[in-house]
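Novice: give me a model of this one.
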Amino acid sequence: MEITDEISDLVEEMTLEEKIELLSGSDFWHTEGIERLDIPSITMTDGPHGVRLNDEEADSLLESLPATSFPILAAAAATWNPDLIEKVGRAIGREAQHYNVGVLLAPGVNGKRTPVGGRNFEYFSEDPCLTARMGIAYINGVQAEGVGTSVKHFVANEQETNRMVVSSEVDERTLREIYLYPFEKIVKEARPWTVMCSYNKVNGVPMSHNNDFLTGILREEWGFEGLVVSDWGAVDDKPASIRAGLDLEMPGPGLQDEWVKKELEEGKLKEKDLDKSVGRVLRMIKNAAANSRRDYSCDFEQNHLLARQTAAEAMVLLENKEDILPLNQEIEIAVIGEFAEKPRYQGGGSSHLTPRNLETPLQELKKYADCEFAPGYKEEKTDDKLLQEAREAAAGREAVIFFTGTTEAMESEGKDRNHINLPGDHVQLLREIAEVNEQVIVVTHSGSALDLNELLAHLKGLIHAWLPGEAGAGALAEIIFGKINPSGKLSETFPLCREHNPAYLHFPGTVEKVEYREGIFTGYRYYDEKNMEVQYPFGYGLSYTTFFYSGLRLSTPEISSGEKLTAEVDIQNTGDRKGSEVVQLYVGYSGKSAVRRPPRELKNFTRIELAPGEEKTVSMELTERDFAFYSEKLGRFAVESGTYKIMIGSSSRDIHLSETVEVKSKDEVRPELTPDHSFRTFLQDERTAEKMEQALEILNIDPENPMFEMLKGMPLKKGYFTFRGLGLPQKAINQFYEHLGFEPQDLS
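Specialist: Sure, this is the predicted structure:
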């Protein structure tokens, strides 16, 4: 998207004051318009789960015009269905057109270092591959409707605590493999109109004027041609932001315009830098105006049905003891929990919107069964009266459906969670219900992982319903009564407890900095590397049917640099119900790597639907990048030669089939050996082993001498001490080092 001659001419016509004004919003949600030049103002608004357009007649920013409330992005990822999420994007794009919104401030593709992250519900997954695929689908959908997107928050913004000032201290490899990866794939494949910079610093430099990222990585490396917009209130130094490649400061009006003008006058800021940003803002405005469909009428009823389908595909069946689910219709059930009457369907903060058609679980369940309802609690608390009512409602019923989860006060933008436990009073209520009725099905609502240990002894069925949007209640009822076969797979690991999380000791850091010391070992990468027990693994989810995996075939036993590999596997539905399965492909390096690598990493996946007895062949492709890691030695992604395992599973822990492929790479990722390396390292490395063995023959050391084992553990440059202990002549010692190619200065 080059700056056209038309836009360049428009920039030439603008006064300096008009250029400066254009680089800030006119108010909270609109860009600046310039009537003299027929430059319109466009609307930019949240959010990821539906159009959250502020009602201008309302007193609060949280009061918005009604729109379809779709499931949260964490739930969207749990569908593992990019085609469906593209449809969701299109529906949101059409609603944006209905409300004359030019740019949607979504999606969020940050990582999930810890389950207590306050905005985890707004982010897709702990895995960058799944996040990237879903983000690309979402953006393609929205932008196909002529509405721009703003992928956010760039980058390393994984917490709410001190989010506007903290510095995320992250090593290069971790940034590239985990946190930058989704942005990179999205920029290259989906071409979002805008990227939103985050509030935080990265390694000490505020992202709003971080030239290395905004210009170096985003534009020069990845070829991003769109606009960089600030998160709301992120810009502290407007001139530095312009120099670094940030184009639009939001919200407006611009409070630093005089500072910009002063630096222009002093020559500290160049007008050509200003013009670049002005051109990008103009292009965004022009695109939005050209694609605007005034008085567009979208089909909200159809969007509601799409929201229901998405919620249904997202819900994860975690437990189904004694096949308690699905329930038969027309039975007598008890429905316990305030959430059944006042549904928990969205997170708090900037994604909070006004739903057009909010279903309630109690209403929907009554369509299938005779329901006795008791609220059981009010938000997080219960009392003796509520407990007694719940016990009476549950006693004697054929089944109990108990609703629990986090409250909106527990999960919201602006703060991180203190724990991942359910409210204690909810757990007490469940215990009392289970005393009078053993046929308990629990429905959990939350935007991220929960500690469910205290529930498991008191239930037979468990459905994680996430925060499922306005139509989630209907989807849930259809799953409970077997109209829909559950097919959701967890988009993040549910650990046994918060303390097991790899970031536990370092999150959220101090007001100055938070250290990402766990590196690339986040989520399942950490738990699988440590072989640590988890409650439910990444990618996990049950079905009312069963699937059989067989016949894994690789297109070739060996690949070289630049070549692709195709894996095929046969999947059969061996049950008596139609169902969908998510076939997950993981790659792991076998043997000793030059760097620490996880035992397996998700690199591809496919969702398929199968009738009872039906079998399909699934084909998935791997590229060179799927075998690569970020080499800090080379300053780029590189592939290590060796044997790789190709694993096919239904979760990161449920690996059904595996094969190996030999990869021959042109990249030399191992560090060069120096005199600081040990004799043993020189003997074990095939690049130096033969030469080292020859050099040791010069010394004529008896391998049975106990000093020889001590020698092998010493750095090469300290070998002199052992040589003297062995009584070796100086001439032989000199010949030894000469044979290895080291000069005396190398050993000093």
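Novice: surely Leu456 and Glu319 touch.
Specialist: Yes - assessed by CB atoms under 8 Å, Leu456 is found in contact with Glu319 at 7.1 Å. Using the backbone N, CA and C atoms, a C-beta is placed for each residue, glycine as well.
Novice: who has more neighbours, these two?
Specialist: Glu319 (19 against 13; other CB atoms under 10 Å).
Novice: go ahead and confirm that one touches His458.
Specialist: No - counting by CB under 8 Å, Glu319 stays clear of His458, with 11.1 Å between them.
Novice: re earlier: common neighbours of Leu456 and Glu319, please.
Specialist: With contacts defined as CB atoms under 8 Å, 6 or more residues apart in numbering, the residues shared by Leu456 and Glu319 are Leu462.
Novice: which strand runs longest in this structure?
Specialist: Identified as the longest strand of the chain according to DSSP state E is strand 579-590.
Novice: tell me the residue furthest from the middle of this protein?
Specialist: Distance from the centre of the chain peaks at Pro729, with 61.7 Å (CA atoms, centre = their mean).
Novice: would you mind measuring from that one to Phe723?
Specialist: Using CB to CB, to the nearest Å, we find Pro729 at a distance of 9 Å from Phe723.
Novice: which one is Val582 nearest to, not counting chain neighbours?
Specialist: Nearest residue to Val582, sequence neighbours excluded (CB to CB, 6 or more residues apart in numbering): Trp80, at 4.3 Å.
Novice: low-confidence ranges in the stretch 551-700 of the chain?
Specialist: By pLDDT under 70, the stretch 551-700 of the chain has no low-scoring segment.
Novice: show me the strands in it, by range?
Specialist: Per DSSP state E, counting those that start in this stretch, the stretch 551-700 of the chain carries strands over the ranges 558-560, 565-573, 579-590, 601-610, 615-622, 628-631, 636-639, 642-649, 655-664.
Novice: tell me the domain ranges of the chain?
Specialist: Split into domains by automatic domain parsing, the chain comes to 1-39+204-285, 307-529, 547-664, 679-747.
Novice: those domains: which one's closest to Val116?
Specialist: Relative to Val116, the nearest member of the domains of the chain by CB to CB is domain 307-529, separated by 4.1 Å.
Novice: got the end-to-end distance for the closest one?
Specialist: In domain 307-529, first residue to last residue: 37 Å (CA to CA, to the nearest Å).
Novice: for stretch 341-348, same thing?
Specialist: Using CA to CA, the end-to-end distance of stretch 341-348 comes out at 19 Å.
Novice: give me the residues contacting it.
Specialist: Stretch 341-348 is contacted by residues 49, 69, 72, 119, 121-122, 352-353, 355, 358-362, 373, 375, 403, 405-409, 411-413, 445, 447, 467-470, 472-473 when judged by CB under 8 Å, 6+ apart.
Novice: now do the buried residues in that stretch.
Specialist: Neighbour counts using 16 or more other CB atoms under 10 Å place 342-348 of stretch 341-348 among the buried residues.
Novice: got the buried residues for stretch 496-510?
Specialist: In terms of neighbour count (16+ other CB under 10 Å), stretch 496-510 has its buried residues at 498, 500-503, 506-509.
Novice: tell me which two in these are the farthest apart.
Specialist: By the measure CB to CB, His500 and Gly509 form the most distant pair in the buried residues of stretch 496-510, at 19.1 Å.
Novice: sorry, back to before: buried subset of the contacts of stretch 341-348?
Specialist: Neighbour counting over these (16+ other CB under 10 Å) leaves 49, 69, 72, 119, 121-122, 352-353, 355, 358-362, 373, 375, 403, 405-408, 411-413, 445, 447, 467-470, 472-473 as the buried ones.
Novice: how many residues are close by Ser560?
Specialist: 14.
Novice: looking at this protein, which helix or strand does the model trust least?
Specialist: Across the helices and strands of the chain, mean pLDDT, DSSP states H and E gives its lowest value to helix 719-725, namely a mean of 73.
Novice: who does it touch, helix- and strand-wise?
Specialist: helix 706-712, helix 730-740 (3 or more CB pairs under 8 Å, 6 or more residues apart in numbering; DSSP states H and E).
Novice: what is the burial count for Thr660?
Specialist: Neighbour count of Thr660, defined by other CB under 10 Å: 14.
Novice: partner residues bridging the closest residue to it other than its chain neighbours?
Specialist: In space, not counting the residues next to it along the chain, Thr660 is nearest to Thr643; the distance is 5.2 Å by CB to CB, 6+ apart. Note on Thr643: beta-bridge partners by DSSP bridges are Ser590, Glu662.
Novice: wait, doesn't Thr643 sit right on Ser658?
Specialist: No - using CB under 8 Å, Thr643 is not in contact with Ser658, being 11.6 Å away.
Novice: what about Lys367, which SS state?
Specialist: Counting by DSSP: H, G, I helix; E, B strand; the rest coil, the backbone at Lys367 sits in coil.
Novice: pull the contacting residues for the most centrally placed residue in the chain.
Specialist: With distances taken as CA atoms, centre = their mean, Ser125 lies nearest the centre of the chain, 3.4 Å away. Contacts for Ser125 (CB under 8 Å, 6+ apart) come out as 74, 77, 112, 131, 134, 491-492.
Novice: adding secondary structure, write those residues out as TSV.
Specialist: Formatted as TSV, these follow (three-state DSSP):
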residue	secondary structure
Ala74	helix
Ala77	helix
Lys112	coil
Thr131	helix
Met134	helix
Ser491	coil
Glu492	coil
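Novice: closest one of these to Arg397?
Specialist: The closest of the contacts of Ser125 to Arg397 turns out to be Ala74 (CB to CB; 32.1 Å).
Novice: show me where pLDDT drops low in the stretch 1-150 of the chain?
Specialist: Within the stretch 1-150 of the chain, the set of residues satisfying pLDDT under 70 comprises 1-3, 57-62.
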